[in-house]
Every structure is written in structure tokens, then in C-alpha cells.
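Engineer: Return atomic coordinates for the entry below.
(chains A and B)
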Amino acid sequence: MLELQNVRENPELVIKGLRKRHLDQAEALVNQLLEADQNRRQTQVQLDRLKAELNTQSKNIGIFKAQKQENEAQAAIEATAALKAQIKEGEELLRNFEKQVQDTLYLLPNLPHDQVPEGKNAEQNLVAYAHGDLPQLPENARPHWDLIRDFDIIDFEMGVKVSGAGFPFYKGAGARLQRALISFFLDEATKAGYLEVIPPLLVNADSGYGTGQLPDKEGQMYFAPADDLYLIPTAEVPITNIFRDVILEESDFPLKRVGYTPCFRREAGSWGAEVRGLNRLHQFDKVEIVQIQHPDHSYQALEEMKTHVQGLLEKLGLPYRVLKLCAGDLGFTSAFTYDLEVFSGAQKRWLEVSSVSNFETFQANRLKLRYRAKDQKKNVLAHTLNGSALALPRIVAALLENNQSLDGQSIALPSVLHAYTGFTKIEKKVKMD
RNA sequence: AGAGGUGUGGCAGAGUGGUCGAUUGCAUCGGUCUUGAAAACCGACGUACCGCGAGGUACCGGGGGUUCGAAUCCCUCCACCUCUACCA
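Structural biologist: Numbers count the residues shown, from 1 in each chain, chains lettered A, B, ... in the order given. So this is what the prediction gives:
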């Protein structure tokens, strides 16, 4: 959520930022917000005055009563009736204006950082860096959805039977590979100074609002109505919300957390030919890194997080590229995002496996996550960042496709995983179920 | 899940309808004293909104209500504790 004070003081900058995102009604929304804010403040001044008056009266009544001046007390009590009516009216008005402010504020996405490239949509994202040669696979190289069936390591039909489309079973070497990747990612993050946490997988609405999934993406999360809880779409939600309503000391920075969780996404309306196999799932595994940072150091932290993710991809031997998202493709809450994509050789496609973002104060504002600044009177909003390190399914897709042997009998695994899997390649075996 | 209890500022812990945003202790930060430190003493010490300012308003787990006035009374939800039941 944008800082109201900033919108009030720099409306033209805010409009400029929103325009960069190609938000159509940028100016209208900002004006609507400022008007509601103006009304709200005016109403509050009047209301506060009325309340002050009533407080004074009440105190006087107390004093009359203490002095046994019953007649005076009674008269004063009767005199408050009109005041009370006015206050009730004012409160109603104030609530309305507050809601207008709040509702409008919820509609406004974060402002893009100056360095975010111009652009309207995903096609205009900037390739900032590329690493590794694209694999030269023979014409008959198989896409991962065929490989997982041949090697019997991931079973979609079994998942359909038990849950539905997009909820696969991982089996045997496939399950083991999954577990190996999770451990590898967690260990690497721990080495980089992140504290590992295992968070809850269901969160309340306050947490959803805190990190910005609500109200923006209400329909994208699974919801358990009996208990009013949402299944997390990413570990970002529970991990960042640890710091909701927290006031830090400057010496607490940086706070670095890592967590592995399954992620649940309804992905309503986003299914098509592009999303075969592991490319898009309702439930998938992800290791997420989160940092809470001092505003002066958050962009340095963003680079550090991006570099960390690059390191993982390099150790896995996957060709990848780094995209700077253009303003139009930036997520609702983000001020700056790097997407990392790996090349999946048989599909011949780039697959997004990580998104590393700086939210600046956008989440912190909703979270009320602040720190005591030594040189300032007021407490200051911290910056929040997070990144996937990494999301598993597409990594698995790329590993399988890029490392399949020419004879189709095995799939080699990168050496960093051997200690975790206990085997160096996946081989065709006796069918198991 | 049933019965009972509890929920106050960083922590501990008063306050049960009236000048209470809240006594006090500890912690923290300034100062005095000291060669330095400790001790002692003095002072400061929650958050947010509004206001140029003096200052005002709101917040005692969340929400609602009663009242001229609520930390205090009522309703409701939530969390924690104890006992009982159940369970990985």
C-alpha cells in the first residue's frame, strides 16, 4: 500500500509512477484519493472538537456529582444529548471517508523504481544477463511430460484421481529428487546467512492483506471457509507476516529468513497448451528467501539475493537468463523485480523459476513494519524483499529435459545433488505403483 | 470438544464506572556525583491520526453495546492456562 502522506505531498510523482505501469485511471484514482483524504481530515478535525467538548462536559458532570450538586449534574447530562447526536453523525461520516481512502489505496499498485525499464507487457522485459550455452538436444529429445511417464517418477493421473488436475504424485526417484532439491536449496540459503523457518501453510485474512495478496488476488488462493483461512500461494506470506505490527531497532537489520513450503494456487483461468506437465501446477514446492532491510540497503540486498539465485542455477548447471521486469509487467506490490528463467531444452522454452523483488515500503506499510530511526522522531517503514530460491517443478522439468541421455535410458543429475539423492542418474527401472 | 480461569505499555504488575493514557518496580536513554565504573540521586521513556502551533482525538486481546462518562459493566469473537475427553 502506498504511503498516504507521500501521495498527498507528491501527487504528480505518484501519477507519473502509476502511468509508467500503464495504469489507465492513474490520475483519476489519485485525485479521488486526495479528495477522500481531504474530506476525512476535515471531518476528523470537527469530530475531534466535538469529542473534546463531550469529554469536558463529562468531567464536569463527575465533579458536580462529587460535590453533590445533583441539579447541575442533571442539567449538564441533558445538555450532552445534542452533542452526542452530532458525534454519532460525524463518526458515520468519518467511517465513510476512511473507507473511501482505504478502498482507493488498495487499488493502487506500488510505484516502479527509477531503474525499472519502460514497457507495457512481458514482451518488453529486458534481458539483463544470460549464462550458459543452450543445450543441443537431438530432434527426438523428449519433453519432461514424456520423460516422467517413461521413468515413472511423477504421476499426474494418480493425482487427478486423488485430488484433481495439477496435483501430481512424485514417486520413487522423482520423490527423492524433490526432497534433494529442497534440502540443497535450504542448505545453500543457510550458508548465505538465512535463518530457516517452517511456517504454517494456512494463514488468516490479516496476513493476506499484510503482504498484498488480499484484496488484489482473492480468487487466486484456496480458502477454507469453515475456519476463514487461506492456503498460502507462497511462503512469502507467512514468513513476511512474522514481522507484522513490529517495531525494529536499526541494529536488527538485516533480517534474513528462508523457508520451504508447498504452495497452493488456484490459477483460475490460466490453463492452456503452454502449461503442460510441470509448467504450471496447483500445488508445488518452493524454497523462499525473505529479507527485511533498512531502506538505504534494500537495493544492495536485492542484488545479493539475485546473485544467490544465480549461484543455485549455476551449481545445477542450468542455462538461465535474468530479466528486469518492465513497469507494465511488474507485480502489484513490487517496486523492482528480477525474473530468472531457465532454458528447458526439449520444450525449447524459457521457464520462470524465480522472481526476486524489492517491495520497498509497500508491504511494510500494510504490515506496520517499522524501525526506530536514530536521527528521526518518527518511526520509519522498513523495506521488505523476497525471492524464490527456488521453485521446484520447472527446475525439475529443465533438469530432466536437458540431461536426458542420447539413448533415452537415463537422466544424469548435477553433481551437487548426488549427496542428497544417493544416486547420480535416474534410470529406467521395473515399473512401480 | 466440554468445564473453569486469564488477557493492562519492552517485561513484571496495580487499577473494578468519574480530572486514568493509566500507580509502581525492572529494563532502556540522558544528567549529577566519580580518575573510571558501580551504587545513589534527578530527569526522560508507548503507538497512531489531526492541527502552523498551543494542543486535540483514539488505543488497556479484537469487534460491538450500556452510560453524560468504560481498562473497569454487558454481548460476541480470538488467544493463552488448568482440568476432563479425544487424537498424530
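Engineer: Chain neighbours aside, what residue packs nearest to the closest residue to RNA strand B within the stretch 301-433 of chain A?
Structural biologist: At 3.9 Å from RNA strand B, residue A:379 is the closest residue in the stretch 301-433 of chain A, using Cβ to the nearest atom of the strand. Just so you know, the C-beta spots here come from the backbone N, C-alpha and C atoms, and that holds for glycine as well. In space, and not counting its chain neighbours, residue A:379 is closest to residue A:370: 4.1 Å by Cβ to Cβ, 6 or more residues apart in numbering.
Engineer: hmm, back to that, state the phi and psi torsions of the residue of the stretch 301-433 of chain A closest to RNA strand B.
Structural biologist: phi -70, psi 150 (degrees, to the nearest 10).
Engineer: Test my guess that it contacts residue A:369.
Structural biologist: No - taking contacts as Cβ atoms under 8 Å, residue A:379 lies outside contact range of residue A:369: 9.9 Å.
Engineer: Of the two, which one has the most company?
Structural biologist: A direct count of neighbours by other Cβ atoms under 10 Å for residue A:379 and residue A:369 places residue A:369 higher, at 26 against 14.
Engineer: Model confidence for the residue of the stretch 301-433 of chain A closest to RNA strand B, exactly?
Structural biologist: Listed pLDDT for residue A:379 reads 89.
Engineer: where's residue A:389 relative to residue A:358, distance?
Structural biologist: 15 Å (Cβ to Cβ, to the nearest Å).
Engineer: More neighbours: these two, which one.
Structural biologist: residue A:389 (28 against 25).
Engineer: Make sure the more buried one is actually in contact with residue A:311.
Structural biologist: No - between residue A:389 and residue A:311 there is no contact under Cβ under 8 Å: 9.4 Å.
Engineer: Can you pull the residues that touch both of those two?
Structural biologist: residue A:188 (Cβ atoms under 8 Å, 6 or more residues apart in numbering).
Engineer: The helix ranked longest in chain A vs RNA strand B: in contact?
Structural biologist: For chain A, the longest helix by residue count, based on DSSP state H, is helix A:26-66. Yes - with Cβ under 7 Å from any atom of the strand as the measure, helix A:26-66 is seen reaching RNA strand B through A:41, A:44-45, A:47-49, A:51-52, A:54-59, A:61-63, A:65.
Engineer: of all the residues in chain A, which ones are close to RNA strand B?
Structural biologist: Residues of chain A lying near RNA strand B (Cβ under 7 Å from any atom of the strand): A:4-5, A:41, A:44-45, A:47-49, A:51-52, A:54-59, A:61-63, A:65, A:77, A:80-81, A:84, A:247, A:370, A:372, A:378-379.
Engineer: Now with 6 Å, please.
Structural biologist: A:41, A:44-45, A:48, A:51-52, A:54-55, A:57-59, A:61-63, A:65, A:77, A:80, A:84, A:370, A:378-379 (Cβ under 6 Å from any atom of the strand).
Engineer: Just the buried ones from those?
Structural biologist: Those of the residues of chain A next to RNA strand B that meet the buried threshold are A:57, A:61, A:370, by 16 or more other Cβ atoms under 10 Å.
Engineer: Sort out which one of these lies nearest residue A:110 for me.
Structural biologist: Comparing those against residue A:110 with Cβ to Cβ places residue A:370 closest, at 17.7 Å.
Engineer: For stretch A:67-86, which residues meet the burial criterion?
Structural biologist: A:73, A:76, A:86.
Engineer: what do you get for stretch A:360-373?
Structural biologist: Buried residues in stretch A:360-373 (16+ other Cβ under 10 Å): A:360, A:361, A:362, A:363, A:364, A:365, A:366, A:367, A:369, A:370, A:371.
Engineer: Equivalent analysis for stretch A:136-145, please.
Structural biologist: A:137, A:141, A:142, A:143, A:144, A:145.
Engineer: what do you get for stretch A:306-322?
Structural biologist: A:306, A:308-310, A:312-313, A:316-322.
Engineer: Dump it to PDB, keeping only the CA atoms.
Structural biologist: Presented in PDB, the C-alpha positions along stretch A:306-322 are these (Å, rounded to 0.1, in the frame of the first residue of the first chain):
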ATOM      1  CA  LYS A 306      19.600 -12.200  -7.200                       C
ATOM      2  CA  THR A 307      23.200 -13.300  -7.100                       C
ATOM      3  CA  HIS A 308      22.300 -16.100  -4.700                       C
ATOM      4  CA  VAL A 309      19.700 -17.500  -7.000                       C
ATOM      5  CA  GLN A 310      22.100 -17.300  -9.900                       C
ATOM      6  CA  GLY A 311      24.600 -19.300  -7.900                       C
ATOM      7  CA  LEU A 312      22.000 -22.000  -7.400                       C
ATOM      8  CA  LEU A 313      21.200 -22.200 -11.100                       C
ATOM      9  CA  GLU A 314      24.900 -22.300 -12.000                       C
ATOM     10  CA  LYS A 315      25.500 -25.100  -9.500                       C
ATOM     11  CA  LEU A 316      22.700 -27.000 -11.100                       C
ATOM     12  CA  GLY A 317      24.300 -26.500 -14.500                       C
ATOM     13  CA  LEU A 318      21.200 -24.900 -16.000                       C
ATOM     14  CA  PRO A 319      21.400 -22.300 -18.700                       C
ATOM     15  CA  TYR A 320      19.500 -19.200 -17.500                       C
ATOM     16  CA  ARG A 321      18.800 -15.600 -18.100                       C
ATOM     17  CA  VAL A 322      17.900 -12.700 -15.900                       C
END
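Engineer: Now do that stretch: everything it contacts.
Structural biologist: A:127-135, A:184-185, A:188-189, A:192, A:289, A:338-343, A:350, A:353-354, A:356, A:387-390, A:395, A:398-399, A:402, A:414, A:416-417.
Engineer: Among those, which lie within helices?
Structural biologist: Short answer: these in helices (DSSP H) are A:184, A:185, A:188, A:189, A:395, A:398, A:399, A:402, A:416, A:417.
Engineer: State the pair within those residues that is farthest apart.
Structural biologist: Counting by Cβ to Cβ, the most remote pair of these is A:189 and A:402, 23.8 Å apart.
Engineer: Give me the distance between the residue of the stretch 301-433 of chain A closest to RNA strand B and residue A:249.
Structural biologist: Distance from residue A:379 to residue A:249, by Cβ to Cβ: 11 Å.
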